[in-house]
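*Asks:* Provided below are the primary sequence and the corresponding predicted coordinates.
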Amino acid sequence: MENINYVENSNKEFMEFMETAISTEIDCYIIDSSFTKDFNTRLIQVMEEIRKGNQDIEFSIIFNVDREISLIDSLILGNFAADLYFVYMSKYYKSNDLQTILNYMHSESDAEKRKFIINSIDVLYGIFNEMFKDIRCNKSILCRYQEYYNLGELKEKKISLMVLVILVLEDICKYFRIRNGLLIEGCKEI
């Protein structure tokens, strides 16, 4: 009989899910974007570190002459954002154990789930704000979500990023079988 660590497997599955969810939502929602100088610098540093360690890794990143990202694979963005999500959520919950953090989504208490959603909104918005200087997005999705989640009072850049956050959070809520009403309530509290 194999000795399988199911907790470790479920943590790995969740992180893979996050990477995929974020990259898929970016692909569907963002038409064009530019990235912050800090994000460009971080990716250049990461690329250089990886190349020192392993020459065989291929990247799907193209930089322009100013060393700014002009083209990047959304899976790289998904991986980057998912890793940061775990780091920042660890700070919120003062735990480096992903399972402890995820237990809040398995809680019977709607209040715990709503708090997790609010923390996730804050974390994901911060991550996307760190990454994107500006985005051009699918206007039909933007308008539909702006109305459905009552985001009309936010500034345009903030609305665009909030819709991306909500798209990812809808996926997280489906993953954990959390009713959408808690996400709507969480959005009202921010």
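*Replies:* Noted; the coordinates are in hand.
*Asks:* What lies in contact with the lengthiest helix in the chain?
*Replies:* Secondary structure of the chain per DSSP state H: the longest helix is helix 6-29. The contact list for helix 6-29, computed with Cβ atoms under 8 Å, 6 or more residues apart in numbering, reads 74-75, 77-79, 81-83, 85-86, 98-99, 102, 137-138, 141, 163-164, 167-168, 171-172, 175. Backbone N, C-alpha and C define where each C-beta goes, glycine included.
*Asks:* Could you rerun that using 6 Å?
*Replies:* 74-75, 77-79, 81-82, 98-99, 137-138, 141, 164, 167-168, 171, 175 (Cβ atoms under 6 Å, 6 or more residues apart in numbering).
*Asks:* Against Tyr88, how distant is the residue nearest to Tyr92 when sequence neighbours are not counted?
*Replies:* Leaving aside its chain neighbours, Tyr92 sits nearest to Asn119 (4.9 Å; criterion: Cβ to Cβ, 6 or more residues apart in numbering). Applying Cβ to Cβ, to the nearest Å, the value for Asn119 to Tyr88 is 9 Å.
*Asks:* Same question for Glu153.
*Replies:* 25 Å.
*Asks:* go on, Arg114?
*Replies:* Taking Cβ to Cβ, one finds Arg114 at 18 Å from Tyr88.
*Asks:* show me what contacts Phe35?
*Replies:* Ile69, Lys133.
*Asks:* what are the bridge partners for it, then?
*Replies:* Phe132 (DSSP bridges).
*Asks:* And the pLDDT for it?
*Replies:* According to the prediction, Phe35 has pLDDT 84.
*Asks:* just the one 3 residues further on next, same as before
*Replies:* Reading off the per-residue confidence, Asp38 sits at a pLDDT of 89.
*Asks:* Also Asp56?
*Replies:* 58.
*Asks:* again, but for Asn9
*Replies:* The per-residue pLDDT reported for Asn9 equals 51.
*Asks:* Over to Met15?
*Replies:* 89.
*Asks:* What separation do you get for it and Lys113?
*Replies:* Taken as Cβ to Cβ, the span from Met15 to Lys113 is 20 Å.
*Asks:* So for the two, which sits in the more crowded spot?
*Replies:* Lys113 (22 against 16; other Cβ atoms under 10 Å).
*Asks:* Surely that one touches Asn180?
*Replies:* No: under the criterion of Cβ atoms under 6 Å, Lys113 is not in contact with Asn180, lying 11.8 Å apart.
*Asks:* the helices in the protein, which residues?
*Replies:* Under DSSP H, the chain gives helices at 6-29, 37-53, 74-93, 98-106, 110-131, 139-148, 156-175, 180-188.
*Asks:* Could you tell me which ranges of this protein sit under the pLDDT cut-off?
*Replies:* Where the chain drops to pLDDT under 70, the residues are 1-10, 50, 53-65, 67-68, 70-71.
*Asks:* if you set the cut-off to 80 instead, what comes out?
*Replies:* 1-11, 43-73, 96, 98-99, 101-108, 156-157, 190 (pLDDT under 80).
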